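K.L.:
the sequence and its predicted three-dimensional model are supplied below.
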Amino acid sequence: MLIAENLTKKYGNQIALNALNLTIKKGEIFALLGQNGAGKTTTINLFLGFIEPTEGELKINDISVTQNPQETKKHIAYIPETVMLYPNLTGIENLKFFSSLAGFKYSEGELAYFLNKAGLQTTAHHQTLGGYSKGMRQKVGIAIAIAKQAKVLLLDEPTSGLDPKASNEFSQILKELSAEGTAILMATHDIFRAREVATHIGIMKQGNLMTIVEAAAISANELEDLYLQTV
């Protein structure tokens, strides 16, 4: 679902991403770990088409992002560290608006189903976003991804600032989407959350993908040791 081949991004003489090769299959959750400036967000932004690569190729659902950026956007949903929604609209109104932008028209019952599937309590559906916690806003973002029928989910520090309960709930939702076949790429600083939710984990340093491990093959303590040795 996501392929990067020799993907490189330079700003003048500065290399933000160096010859990245990455493949994420249907149903996989790939977590990118690394310090600030390691290249995690650059990788996400390249797949989103927000910036253009200096070299290399990237594909979403076998479609070139550089050649067909609008077509690839039909297959993806993006949840940044702070989900940008309309605070004066309710949860269900935000979902209706953003899903309509993607060309979908749903009944109120269908919209409520998506919000419930994303874990947002029914009592919050008709409350304005201005009173939502960060975790609740993230759930609306997930509901938008579900409503868009996104095959790929791109996440940039999605659990940053969430309390442990909200972070755990978010992880469970990601696992459910993964089980349904969604391919997920997540940039994060949270080593233990990455170990818990991901199928594969990559550690980045100064624009280079230094190592990839299967999450099931490494303990949280081993992953922490590997991370500290790598960065």
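P.N.:
Structure received.

K.L.:
remind me, longest helix of this protein?
P.N.:
helix 164-179 (DSSP state H).

K.L.:
helices or strands next to it in the packing?
P.N.:
Where contact means 3 or more Cβ pairs under 8 Å, 6 or more residues apart in numbering; DSSP states H and E, helix 164-179 is packed against strand 29-33, helix 134-147, strand 152-156, strand 183-187, helix 191-197. Glycine gets a C-beta too; all of them are placed from N, C-alpha and C.

K.L.:
end-to-end on stretch 211-231?
P.N.:
Length of stretch 211-231, first residue to last, Cα to Cα, to the nearest Å: 11 Å.

K.L.:
okay, buried residues for it please.
P.N.:
Judged by neighbour count (16 or more other Cβ atoms under 10 Å), stretch 211-231 contains these buried residues: V213, A215, L223, L226, Y227.

K.L.:
let me see the mean pLDDT of the strand or helix carrying N221.
P.N.:
Per DSSP states H and E, N221 falls inside helix 220-230. Averaging pLDDT along helix 220-230 yields 95.

K.L.:
can you give me the angle it makes with strand 29-33?
P.N.:
Compare the direction of helix 220-230 with that of strand 29-33 by axes from the mean of the first three to the mean of the last three Cα atoms, to 10 degrees and you get 50 degrees.

K.L.:
excluding residues flanking it in the chain, which one is nearest the residue nearest to the spatial centre of the chain?
P.N.:
Centre of the chain computed as the mean C-alpha position; nearest residue by Cα atoms, centre = their mean is L155, 1.9 Å away. Of all residues beyond its chain neighbours, the one nearest L155 is M186 (4.2 Å), with distances taken as Cβ to Cβ, 6 or more residues apart in numbering.

K.L.:
run through the residues that contact the one you found.
P.N.:
I29, F30, A31, L32, L154, L155, D156, P158, L174, A194, V197, A198 (Cβ atoms under 8 Å, 6 or more residues apart in numbering).

K.L.:
ok, and the closest non-adjacent residue to P80?
P.N.:
Nearest to P80 is D156, by Cβ to Cβ, 6+ apart, at 4.9 Å.

K.L.:
if I look at that neighbour, how far off is L22?
P.N.:
Per Cβ to Cβ, to the nearest Å, D156 is found 16 Å from L22.

K.L.:
next one: T159
P.N.:
The value you get for T159 to L22, if Cβ to Cβ is used, is 21 Å.

K.L.:
which among the contacts of M186 gets closest to L115?
P.N.:
Set against L115, the nearest of the contacts of M186 by Cβ to Cβ is L174 (16.5 Å).

K.L.:
please name the residues that touch that closest one.
P.N.:
Going by Cβ under 8 Å, 6+ apart, the list of residues near L174 reads I29, L153, L155, I184, M186, V197.

K.L.:
same check, this time on A124
P.N.:
A124 touches G91, Y132, M136, counting by Cβ under 8 Å, 6+ apart.

K.L.:
which phi and psi does the first one have?
P.N.:
Looking back up the chat, that one is G91. Dihedral angles of G91 (phi, psi; degrees, to the nearest 10) stand at phi -60, psi -50.

K.L.:
burial of it, as a residue count?
P.N.:
26 (other Cβ atoms under 10 Å).
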